[in-house]
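Engineer: The following block contains a protein sequence and its predicted model.
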Amino acid sequence: MFLFNQFKRHRRNAVLILAVAIAAVSAAVVSAAPLSVTGGSLGAGSAAATSCQSTAISVSYVGTYDNVGTYRISGATLSGITASCVNKQYKATLQGAGGVRLGLEATGTFNSTTPVVLSFAPPADFDASTVTGLILFITG
């Protein structure tokens, strides 16, 4: 009886290992499936798309120094928005070294060509020196 129970346990473990291996191979095959990118769709990769903005949008950061001398970013101002971007939606994300998104985002709609002030709510320990840029997506 002992050998029979031990055999059943090993068989169950072998089936479990086989199921995990099949799932891993399936995931690898699915993740390797190609995605095509065109200007009118979104996928992995990059492609040229038409833009409402033919000139650069200027970014200036809004912040203050705290009581220990650390600079704290609370927002950014976007200026130089062209008339063709009015009524289009935006999403702005602070970027760190290597293109890493820092998790601070602001969204809205360009209502005019006047400068737009974005507000961020960073955690108290957020180090503004890690900000290397701003990623801006305009849609609509």
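Structural biologist: Received, thanks.

Engineer: Any stretches of this protein with poor pLDDT?
Structural biologist: 1-50 (pLDDT under 70).

Engineer: can you give me the strands for it?
Structural biologist: 58-65, 71-79, 89-95, 101-109, 116-119, 133-139 (DSSP state E).

Engineer: If you compare the directions of the third one and strand 58-65, what angle comes out?
Structural biologist: Relative orientation of strand 89-95 with respect to strand 58-65: 60 degrees, computed using axes from the mean of the first three to the mean of the last three Cα atoms, to 10 degrees.

Engineer: any residues touching strand 89-95, and which ones?
Structural biologist: 73, 76, 78, 101-110, 116, 118, 120, 131-140 (Cβ atoms under 8 Å, 6 or more residues apart in numbering). C-beta coordinates here come from the backbone N, C-alpha and C atoms, glycine included.

Engineer: same question, the second one
Structural biologist: The contact list for strand 71-79, computed with Cβ under 8 Å, 6+ apart, reads 57-66, 90, 92, 94, 104, 106, 115-120, 122, 126, 128-129, 131, 134, 136.

Engineer: Also the first one?
Structural biologist: When contacts are taken as Cβ under 8 Å, 6+ apart, the neighbours of strand 58-65 outside the stretch itself are 71-80, 117, 128, 131, 133-134, 136.

Engineer: Mind doing that once more with 7 Å?
Structural biologist: For strand 58-65, contacts defined as Cβ atoms under 7 Å, 6 or more residues apart in numbering pick out 71-80, 117, 128, 134.

Engineer: and which of the residues you listed is nearest to Gln53?
Structural biologist: Checking the contacts of strand 58-65 against Gln53 by Cβ to Cβ gives Gly80 as the nearest, at 8.3 Å.

Engineer: Now do the same contact list for that closest one.
Structural biologist: Under the criterion of Cβ under 7 Å, 6+ apart, the contact list for Gly80 reads 55-58.

Engineer: Which members of these are classed as buried?
Structural biologist: If you count burial by 16 or more other Cβ atoms under 10 Å, the buried members of the contacts of Gly80 come out as Ile57.
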